[in-house]
Each structure stands twice: as C-alpha cells, then as structure tokens.
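Student: test case, fold it:
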Amino acid sequence: MAVDNNEYDVVIIGGGPTGAICAISLKKLNPKLKVCIVDRQKFPRDKSCGDGLGPGVNQIVTELGLSSLFKDSAPIEKLIMTSPNGYELNSELPKMGDIKPLGFVIPRKKFDNELFTEARNHDVSVIEEYEIADFNDAGKYNTAVTVKKDADEIILKTKLLVGADGARSKVRRLLDIPYNTESNTGIAIRYYCEMEGYDELSLRLDFLKELNPGYGWLFPVSTKFANIGVGIDVSKMKSRNLNLEEMFESYAAYLSKKLKIKLVDGSKLSYILPYGSQLPKLVSGNKIILGDAASMINPFTGEGIFYGMFAGKSLAEHIAQKIGAGGNELDDALTKFEKDFRKRFVSHYKINNTTKHLMNSVFSNLAIKASSKDPEILKEGIELMMGDRRSMSPLNIFKILVKGLF
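Tutor: Coordinates of the predicted model:
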C-alpha cells in the first residue's frame, strides 16, 4: 500500500484496464494531478475474461506509448467463424482504412498487472486489497471515500470518484443505479487449455446449432495454449432451461474433433457481462462509472476492454485540465464526456445487439457464407465487431441476401 496522504484529485475504484488507463492518461495529460487507484485484490491476479484484445485496444496502447505491453505476444491476423448450418469463414482480418486490425490474446493476469505497474510508474498512488465501503459528500467536489480491508479503514478525500470496479460495481450500487436486466446481461464460462493441431493464430467464434442461442470461442495465446469458453444471454439461458456447463462440454467435444485439447485444472471461471444495449447514466455529480461498471460491453462479441479503456482515456482528455478549475468548467467537461461517449457508441451497441440475435437465426448462415465470398462484407462486419461502426450499408445487406442464398 502506498498512500502519500489522503487527499486526491481523483480516486479510482478498480485497477483493471479501465481504471489503469484512466489513471495513466490523467497523469500524462496533467502530471500535477494526485491520482489514487484502490483495488480489492492484490496484483497480479486472474480475471475471468476471454482475454481477447481487439484492434481498438492496440490503438489506445500505442497512442499512450505503451506498445511494449505487446512485445512478447504474437499478433492475431485471422478470424474463423462458423454458422449453425456448418458454413465456415476462414479469412485474414481485412484492413480498416489504412490500418490492419491487429488483435492479441494475453491472459488478464499478465496484461492487467503490466498496466497496473505502468500506473505505479506514472506516480499513481495505489491501495491494494481494500474495497470501497461508502462515500460522503462535504461539498460539490469534495467527497470522503471510505475503503476497508477487514477491520482496517482508510478515509480518502477526493474531488472526483471514478467507479471502474467491474460488472457488479459497488460504486454503481452506492449511486443507486440499477444493474442491467437479464435480457441485457450475458453470462460466460472460460477455461484455459493446452492444445495440439492449431498451427495458425486465429480467433474462433462458433455459432453452433448445439449452442444456439449462445456461442463458443477459442482465443489462442499461442499455438499450444488457448482461452476457450461459451457465452449466452442470462434471459435466454433461463427461459430455455439451459446449463452453461453442459454447453461448454458440448463445445469442447466439437473442438476435440478438430484438434487435441486438454483443459487446465483450476482454470475455470464464470462471469457476467452487462451489455451496452442498456447503458446507464455515466456521470452523477462528481462521480463517474466506467467500463464493466457502466455496462460498456459489446452485446455481440462480449468485448469490454476496448470500451472501458476508451472511456478511461476519453474521461481524462475531457477533465485533466479542468479539475483545478472546478465549478462550471468541470461540470461542462463531465457533461461533454458522457455526451461524446453516447454519441459514439449507443448506436454501435444497438446494431451489435441486433446482429447478435440475427446470428442465432438463418441470417448467420447467409452472413458467414456471403462474407467468405466478398471481402467488403467481411470488412464491414469486422468494423462492426471490433471498431465503432454503427450500421451495415444497405448494399452489403443486399449482398448478404444474394450471395448467402446463391
């Protein structure tokens, strides 16, 4: 634990990618700011996730001068998708503009720890193994935050409180912001596995008939080691009386026909995914929620890291030079942050939510078959899943119908 004193400009609850990037960005933009991260665990720690880092994460890391985070990881340049009827897309990821959309698969225990270490290196104070218990306001930009570890208690005074504390955020609960409904929440289970016979680094997304209306994934850390799992909407799992463990066993059996896999003992973790299709209020006075705490997860792909990191960086860019001013300037900066985020991503989340439902129908067969024939359709699909695209072009929707049928 490193606490210089108990007064800060920003206290961030949660030291994952969202909180760490927010802290690093604030210090890069305004080194005079006093920033503190509080996390209930001690790093390095595991985190339930698919471990996939899309092109957006790569871009943010590069912009912040942190590309060394990827130095030991091979880039992912290929995508495999299968439909319920057995159609398979196997393609290199197309360029988005002039940029090749490189992705990476890095276990969260490693990636999160390196980001957390970077935050320390940028003179961010950190408090590990403590969690938020409560907060009390003594003025508009003057909040006392109580964090506890067992019977030990620390009071932190801050101008701004940021909740980046995960899908069941305590900050969100203290703000009395309801969690997502079951129809806007996913649930997933992941294992690590050793494997043989997977010679190319390709992301797999499988929309199999036996998993419908869920999906499976295989994200390779290397050609010998991967993160595999299945996910589904909570409401659909309950309404159809499905069992996540049985879905995973079915998917593992499917993969075993293609390659040799051996599950790593003790690597099973389950987790929930609050989707951006029900994005809550982000700013409540001097308190902000980001990342999974704010339901910033793509309903189609289940990715949340990019959106959380983007939001953390964006918040810093809006407020870093305004915190000292306080008053209307800071009010306006926070309002603009939320407005800008919603403008960029609300429609994007909605189209991905629609696409997710379509992928559990006959449309998935048409889309995957057509994408394997036409790189322009694939390009738009990748931009939808891994970028911030807000719609499919009418021409490509027409081409999906034609090329998918014939």
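Student: okay, buried residues for the worst-scoring helix or strand of the chain on mean pLDDT please.
Tutor: Lowest by mean pLDDT, DSSP states H and E among the helices and strands of the chain is helix 375-386, with a mean of 79. Neighbour counts over helix 375-386 (16 or more other C-beta atoms under 10 Å) mark 377, 378, 379, 380, 381, 382, 383, 384, 385, 386 as buried. In this view, the C-beta of every residue, glycine as well, is placed from N, C-alpha and C.
Student: and of those, the nearest to residue 114?
Tutor: Set against residue 114, the nearest of the buried residues of helix 375-386 by C-beta to C-beta is residue 386 (21.9 Å).
Student: give me the sheet partners of the helix or strand hosting residue 143 and which way each runs.
Tutor: Applying DSSP states H and E as the criterion places residue 143 in strand 142-149. Sheet pairing of strand 142-149 (DSSP bridges) gives strand 131-139 (antiparallel), strand 152-163 (antiparallel).
Student: and the longest one, how far from the chain's centre?
Tutor: Using C-alpha atoms, centre = their mean, to the nearest Å, the distance from the centre of strand 152-163 to the centre of the chain it belongs to is 25 Å.
Student: one more: the shortest one?
Tutor: A distance of 27 Å separates the centroid of the chain from that of strand 131-139, by C-alpha atoms, centre = their mean.
Student: thinking again about what came up before, of the buried residues of helix 375-386, just say which sits nearest to residue 91.
Tutor: residue 378 (5.9 Å).
Student: chain neighbours aside, what residue packs nearest to the most centrally placed residue in the chain?
Tutor: Central residue of the chain (C-alpha atoms, centre = their mean): residue 304, 1.4 Å from the mean position. Leaving aside its sequence neighbours, residue 304 sits nearest to residue 297 (C-beta to C-beta, 6 or more residues apart in numbering; 3.9 Å).
Student: could you say which helix or strand contains that neighbour?
Tutor: Going by DSSP H and E, residue 297 is not in any helix or strand.
Student: might one say that it is in contact with residue 305?
Tutor: No: taking contacts as C-beta atoms under 8 Å, residue 297 lies outside contact range of residue 305: 9.3 Å.
Student: please identify which of those two sits among more neighbours.
Tutor: Set residue 297 next to residue 305 and count neighbours by other C-beta atoms under 10 Å: residue 297 wins out with 30 against 27.
Student: pLDDT value on the nearest residue to residue 275 once chain neighbours are set aside, please?
Tutor: Closest residue in space to residue 275, ignoring its immediate chain neighbours: residue 299 at 4.1 Å, by C-beta to C-beta, 6+ apart. Reading off the confidence values, residue 299 has pLDDT 95.
Student: in which helix or strand would I find residue 299?
Tutor: In the assignment (DSSP H and E), residue 299 maps to no helix and no strand.
Student: got the phi/psi numbers for the nearest residue to residue 372 once chain neighbours are set aside?
Tutor: The shortest distance from residue 372 to any non-neighbouring residue, by C-beta to C-beta, 6+ apart, is to residue 89 (4.7 Å). When read as degrees, to the nearest 10, the backbone of residue 89 gives phi -100, psi 130.
Student: the residue nearest to residue 304: what's it in contact with?
Tutor: 186, 273, 274, 275, 276, 303, 304, 307 (C-beta atoms under 8 Å, 6 or more residues apart in numbering).
Student: then residue 113?
Tutor: Residue 113 neighbours (C-beta under 8 Å, 6+ apart): 43, 44, 45.
Student: part of a helix, is it?
Tutor: Yes: counting by DSSP: H, G, I helix; E, B strand; the rest coil, residue 113 is found in a helix.
Student: residue 218 reaches residue 226, doesn't it?
Tutor: Yes: using C-beta under 8 Å, residue 218 is in contact with residue 226, at 5.4 Å.
Student: which neighbours do those two share?
Tutor: residue 198.
Student: so the residue nearest to residue 264 when sequence neighbours are not counted, which state does it fall into?
Tutor: Setting aside the residues directly before and after it, residue 264 is nearest to residue 192 in space (C-beta to C-beta, 6+ apart), at 4.3 Å. Put simply, residue 192 is strand when judged by three-state DSSP.
Student: ok, residue 192 - how many residues close by?
Tutor: So residue 192, with other C-beta under 10 Å, has 21 neighbours.
Student: that one is in contact with residue 267, isn't it?
Tutor: Yes: Residue 192 lies in contact with residue 267 (C-beta under 8 Å); the separation is 4.0 Å.
Student: for residue 396, see how far away residue 297 is.
Tutor: Distance, residue 297 to residue 396, by C-beta to C-beta, to the nearest Å: 25 Å.
Student: now swap in residue 89 and tell me
Tutor: Taking C-beta to C-beta, one finds residue 89 at 15 Å from residue 396.
Student: buried stuff in the helix or strand where residue 249 lies?
Tutor: Using DSSP H and E, residue 249 sits in helix 244-256. By neighbour count on 16+ other C-beta under 10 Å, the buried set for helix 244-256 is 244, 247, 248, 250, 251, 252, 255.
Student: thinking again about what came up before, pull out the buried residues from the contacts of residue 113.
Tutor: 43, 44, 45.
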